[in-house]
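Colleague: Need the 3D shape of this:
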Amino acid sequence: MLVNRDLHLFVVLLLIIVAIYLRFNGLTLNSYWNDELATLWLTDPDNSFHFVFYGTLYDHTTPLYQILQWAWFHIFGFTEYAGRSLSALSGVGGVVAIYLLAKELYNRNVAIYALLISTFNYYLIYYSQEARAYSLLFFLAALSTYFLVKVIRKYNRRFLHLYTLCSILLVQTHYYGVLLYFSHICFILTCIFYLKIADKKRIGLLLINIPITLVSLFPAIPYILHDAQKDSFWLSEPEPWFFADYLYDYSGGYIVLALFASLLIYSTWFHIRKTCKYDRFNFYLFLIIITFIYIIPYLRSMVSVPMLHHRYTIAALPVIILLVAHAIELFHSQKTRIFLLAMCLAMSIAGLLVENQYYSRGTKQSFREILTDINTKHEPVPVIACSSGVVNKYLKMLGIGMQTLNFSEFNSLIDNADINRFWLMYHNNSQCNKIRDNREILVKKHRLEQIASYEKKGVQAYLYAKN
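Modeller: Got it, this is the predicted structure:
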């Protein structure tokens with residue numbers, strides 16, 4: 001048994017080291033893209049704490065990640081690497097948290113399977129290399145659920161305090177963190193009033209956690225209520241088969257999708273079929289989380305305003321990974337389990353390196369490449385950019401000594417006789433698309449001649465001369 005424990009520890013440490021490498025390798029290979037530029041606009045270290053806090057709430061989310069990123073920039077500098085390293089570190093923490101949760105809910109074997117799956121998962125690696133809150137959301141979702149289970153099964157004050165801390169951090173990270181916390185409340189009540197839990201009084205002490213966590217949300221409540229009353233949002237209405245699309249995203253492509261989907265269906269069917277006999281704890285925990293993260297947002301999206309997006313549901317991805325890992329454990333043959341693990345590993349690596357070519361091709365908008373080319377390959381002329389404010393933050397981060405102008409200054413630039421050439425720069429988002437669609441009209445109206453152009457992934461720039 002000691003040898004087994006040593007081997008188990010060795011495999012765990014090896015996979016964590018691999019997870020660190022995969023999340024920090026090529027961290028700045030890709031340019032920042034539109035959403036990451038929005039993060040820079042909020043978390044520039046020259047901004048005040050007040051601006052970061054309330055600017056994030058105004059931007060339709062809770063502010064923990066932006067505050068941490070702002071502090072991170074103060075410590076490590078306003079660089080591309082620093083901007084993404086916080087997410088990479090959160091991604092490594094998420095892998096460790098998944099292992100702990102799987103070990104607590106199942107056993108050491110399932111924990112190793114879950115650790116291996118999450119280590120090589122394309123989706124988790126992708127968001128571990130993005131300066132957004134999703135990697136942190138995944139980490140806190142897994143860690144808070146782990147401490148919740150520890151409190152219920154092995155109550156002590158230390159676990160209760162840790163769960164309270166994680167709950168506060170969770171709801172301050174993203175609105176879907178709030179939904180996940182409500183699923184925890186629902187599960188606590190299920191344990192008290194329905195499941196046969198031995199010491200319901202101690203579990204009831206978890207309810208003390210609720211007002212403490214909700215009080216931490218108090219500054220965000222007016223913004224949450226305001227957002228809840230919106231009658232439109234940028235998201236589109238989800239299709240009835242949205243989960244199949246999300247599972248494709250989680251899997252990282254078609255290579256892994258078939259295996260993951262088969263294992264997920266098998267494990268889900270096992271939990272449903274056996275819930276009347278045993279394992280009701282895991283079944284109801286997973287069911288409630290899935291209800292709050294998928295079903296309720298889907299229903300609201302259908303009857304009111306769309307609020308469902310695959311990256312928001314990363315809060316429920318620990319459940320998906322645990323179900324897939326558990327499905328492997330259900331096979332009694334050790335050879336079959338080893339074969340399935342080898343298939344998961346081979347397909348995940350193939351999906352990461354072959355299908356998605358993650359470390360060898362660009363996967364995000366090419367702001368850096370186009371801005372660098374404009375700055376180094378052409379004489380200095382004005383650059384008019386959609387969302388110039390966030391683009392200027394990126395220029396500051398890159399150390400490029402130029403500034404872009406907003407499209408509102410287009411007419412004054414046209415009327416300025418001293419300016420003969422200028423750039424028009426667009427990127428793919430709803431606001432810029434409307435301006436870009438009118439580009440030909442502007443060109444004909446003002447008799448502009450196109451001198452040069454750059455069209456790279458998600459970003460276009462055109463150099464025009466006045467006639």
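Colleague: Show me the shaky parts of the stretch 201-350 of the chain.
Modeller: 274-279 (pLDDT under 70).
Colleague: So residue 29 sits against residue 359, correct?
Modeller: Yes - using Cβ atoms under 8 Å, residue 29 makes contact with residue 359 at a distance of 6.7 Å. C-beta: built from backbone N, CA, C; applies to glycine.
Colleague: What are the buried residues along the helix ranked longest in the chain?
Modeller: With secondary structure taken from DSSP state H, the chain has its longest helix at helix 80-105. Applying a neighbour-count criterion of 16 or more other Cβ atoms under 10 Å, one finds 80, 82-105 buried in helix 80-105.
Colleague: for it, what is the average pLDDT?
Modeller: The average of the pLDDT scores along helix 80-105 is 97.
Colleague: Now stretch 424-431: buried residues?
Modeller: By neighbour count on 16+ other Cβ under 10 Å, the buried set for stretch 424-431 is 424-427, 429.
Colleague: One more: stretch 17-26?
Modeller: Of all the residues in stretch 17-26, those buried under the rule 16+ other Cβ under 10 Å are 19-20, 22-24.
Colleague: now it, how far from the chain's geometric center?
Modeller: 17 Å (Cα atoms, centre = their mean, to the nearest Å).
Colleague: likewise stretch 228-239?
Modeller: That offset, for stretch 228-239, works out to 19 Å (Cα atoms, centre = their mean).
Colleague: what's the span of it from first residue to last?
Modeller: Start to finish, the residues bounding stretch 228-239 are 21 Å apart (Cα to Cα, to the nearest Å).
Colleague: If you count neighbours, what's buried in it?
Modeller: Taking 16+ other Cβ under 10 Å as the basis for neighbour counts, the residues of stretch 228-239 that come out buried are residue 238.
Colleague: quick one: the residue nearest the centre of the chain and residue 374, what's the gap?
Modeller: For the chain, the residue nearest the mean C-alpha position is residue 134 (2.3 Å; Cα atoms, centre = their mean). Using Cβ to Cβ, to the nearest Å, one obtains 30 Å as the distance from residue 134 to residue 374.
Colleague: Residue 290 now?
Modeller: Relative to residue 374, and taking Cβ to Cβ, residue 290 is found at 47 Å.
Colleague: Tell me if residue 454 really is in a helix.
Modeller: No - the assignment for residue 454, made by DSSP: H, G, I helix; E, B strand; the rest coil, is strand rather than a helix.
Colleague: I'd guessed residue 426 sits against residue 455; true?
Modeller: No - counting by Cβ under 8 Å, residue 426 stays clear of residue 455, with 9.8 Å between them.
Colleague: contact partners of the helix or strand hosting residue 412?
Modeller: When elements are assigned from DSSP states H and E, residue 412 belongs to helix 410-415. Contacting residues not belonging to helix 410-415 are listed as 382, 384, 405, 419, 422, 442, 446, 466 [Cβ atoms under 8 Å, 6 or more residues apart in numbering].
Colleague: same thing but at 7 Å, please
Modeller: The set of residues that contact helix 410-415 without belonging to it, under Cβ atoms under 7 Å, 6 or more residues apart in numbering, is 382, 384, 405, 419, 422, 446.
Colleague: Show me which of the residues you listed is closest to residue 273.
Modeller: Each of the contacts of helix 410-415 was checked against residue 273 using Cβ to Cβ; the closest is residue 384, at 61.8 Å.
Colleague: OK, contacts around residue 466?
Modeller: Residues near residue 466 by Cβ under 7 Å, 6+ apart: 420, 448.
Colleague: what pairs with it across the strands?
Modeller: Residue 466 forms beta bridges with residue 448, as assigned by DSSP bridges.
Colleague: Run through the helices of the stretch 51-200 of the chain in chain order.
Modeller: Assigned helices in the stretch 51-200 of the chain, in chain order: 64-76, 80-105, 108-119, 122-128, 134-153, 157-171, 175-193, 200-204 (criterion: DSSP state H, counting those that start in this stretch).
Colleague: okay if I get the ones you listed as CSV plus distance to residue 242?
Modeller: Compiled in CSV, those are given as follows (distance: least, Cβ to Cβ, whole Å):
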stretch, distance to residue 242
helix 64-76, 25
helix 80-105, 23
helix 108-119, 22
helix 122-128, 16
helix 134-153, 18
helix 157-171, 24
helix 175-193, 15
helix 200-204, 34
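Colleague: looking at these, which is closest to residue 394?
Modeller: From the helices of the stretch 51-200 of the chain, taking Cβ to Cβ, the stretch that ends up closest is helix 80-105, at 9.0 Å.
Colleague: Remind me what that closest one packs against, helices and strands.
Modeller: Other helices and strands packing on helix 80-105, by 3 or more Cβ pairs under 7 Å, 6 or more residues apart in numbering; DSSP states H and E, are helix 2-24, helix 64-76, helix 108-119, helix 122-128, helix 134-153, helix 317-329.
Colleague: mean confidence score for stretch 151-162?
Modeller: Stretch 151-162 shows a mean pLDDT of 87.
Colleague: Kindly format the C-alpha coordinates of it as PDB.
Modeller: In PDB, the C-alpha atoms belonging to stretch 151-162 read as follows (Å, rounded to 0.1, in the frame of the first residue of the first chain):
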ATOM      1  CA  VAL A 151     -18.300  20.400   5.700                       C
ATOM      2  CA  ILE A 152     -21.300  18.200   5.100                       C
ATOM      3  CA  ARG A 153     -19.400  14.900   5.400                       C
ATOM      4  CA  LYS A 154     -16.700  15.800   8.000                       C
ATOM      5  CA  TYR A 155     -17.900  18.900   9.700                       C
ATOM      6  CA  ASN A 156     -15.300  21.000  11.500                       C
ATOM      7  CA  ARG A 157     -15.000  24.800  11.900                       C
ATOM      8  CA  ARG A 158     -11.900  25.000   9.700                       C
ATOM      9  CA  PHE A 159     -13.800  23.600   6.700                       C
ATOM     10  CA  LEU A 160     -16.700  25.900   7.400                       C
ATOM     11  CA  HIS A 161     -14.500  29.000   7.500                       C
ATOM     12  CA  LEU A 162     -12.800  27.900   4.300                       C
END
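Colleague: What about residue 68, how many residues nearby?
Modeller: Residues contacting residue 68 under the criterion other Cβ atoms under 10 Å number 18.
Colleague: before we move on, what about the one 10 residues further on?
Modeller: One way to gauge burial is a neighbour count; for residue 78, by other Cβ under 10 Å, it gives 18.
Colleague: repeat for residue 211
Modeller: Residue 211 is surrounded by 9 other residues when neighbours are defined as other Cβ under 10 Å.
Colleague: helix/strand/coil for it?
Modeller: Going by three-state DSSP: residue 211 is helix.
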